[in-house]
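>>> Below is the sequence, then the predicted model.
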Amino acid sequence: MAKGVRIIITLECTECRSNANKRSKGVSRYTTQKNRRNTTGRLELKKFCTHCNTHTVHKEIK
């Protein structure tokens, strides 16, 4: 069987990761899929962070 084009990625909140004061509460993470042929770079989406309680930029991590 051929390997699929779609892969599962993890998105992590950039505000929680960079701010040391909020780090103790945790880091907001989402999982989603992307097409590796169409989107070759790292994905950035604006999602709701439960720890920051606002909409923030979530970046793809490995």
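Received, thanks.
>>> For the lowest-mean-pLDDT helix or strand in the chain, what is the distance to the chain centroid?
Here the helix or strand of the chain ranked lowest by mean pLDDT, DSSP states H and E is helix 14-18, holding a mean of 84. Here the centre of helix 14-18 is set off from its chain's centre by 11 Å, with CA atoms, centre = their mean, to the nearest Å.
>>> got the buried residues for that helix?
By neighbour count on 16 or more other CB atoms under 10 Å, the buried set for helix 14-18 is 14-16. Bear in mind the C-beta positions are built from the backbone N, C-alpha and C, glycine included.
>>> Could you identify the helix or strand that succeeds it?
Scanning forward in sequence from helix 14-18 by DSSP states H and E, the next helix or strand is strand 29-35.
>>> Go ahead and measure how far that following strand is from the middle of the chain.
Averaged C-alpha coordinates place strand 29-35 at 7 Å from its chain's average position (CA atoms, centre = their mean).
>>> swap in stretch 3-17?
On CA atoms, centre = their mean, the centre of stretch 3-17 falls 5 Å from the chain's centre.
>>> List the buried residues for it?
For stretch 3-17, by 16+ other CB under 10 Å, it's 9, 11-16.
>>> which parts of stretch 38-56 are buried?
47, 49, 51-52, 56.
>>> I'd like the mean pLDDT over it, please.
Computed over stretch 38-56, the mean pLDDT rounds to 92.
>>> Done for today, thanks.
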